[in-house]
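S.K.: here's my sequence, what's the structure:
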Amino acid sequence: MPKEALDKLKELWRLYGRETMLFGGVFLVGVVGFEIGLVEGQSMLSKPLVIEAPSTPTVSQAEDVSLPIQDGVVKTIVSEAATQSKNNPTIIPSCQFVGSKNSNKYHLPTCAFAKRIKPENRVCFVSEEDAKSKGYTAGCLK
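M.R.: Numbering: from 1, shown residues only. Next up is the predicted model:
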């Protein structure tokens, strides 16, 4: 390197050396902090949340013909299924629609009206056609 270039570099270092060192230090601290955060973040990654639906109980697992509302779903054993032998378990159908003995409306099990029906007054329907055939009309279907 020619002497003039070296002299010019020395002059620049004398004028801006302190600021250059400060900038370099702050930059290095930032890079190191970012890398540490990246490594820590990857080690803290959690496993994905997996939601599994519970299996539908069978007649051999159920003791009562009419089960109460659980998690917004009514489960009932139909009379034919209740008479099945325990060696040949039948799957309990879930109620698609719920009505009351004291009303002529049917609702979705998640509807606020359906949740207010007392278990002893609850009527379970497998389909809308089932509810309509028993004289019920549509209520809360949202």
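S.K.: which parts of this protein are helices?
M.R.: 3-43, 79-82, 112-115, 128-133 (DSSP state H).
S.K.: average pLDDT across the first one?
M.R.: To tie it back to what came earlier, the one meant is helix 3-43. Per-residue pLDDT over helix 3-43 has a mean of 90.
S.K.: which strands or helices does it pack on?
M.R.: Helices and strands touching helix 3-43, as assessed by 3 or more Cβ pairs under 8 Å, 6 or more residues apart in numbering; DSSP states H and E, are absent. Every residue, glycine included, has its C-beta placed from N, CA and C.
S.K.: which one, of the helices of the chain, ends up nearest to Gln96?
M.R.: With Cβ to Cβ, the closest approach to Gln96 among the helices of the chain belongs to helix 128-133: 7.8 Å.
S.K.: picking that back up, tell me which of the helices of the chain lies nearest to Leu141.
M.R.: Nearest to Leu141 among the helices of the chain is helix 128-133 (8.6 Å), distances taken as Cβ to Cβ.
S.K.: please identify the buried residues of the closest one?
M.R.: Along helix 128-133, these residues count as buried under the neighbour rule (16 or more other Cβ atoms under 10 Å): Asp130, Ala131.
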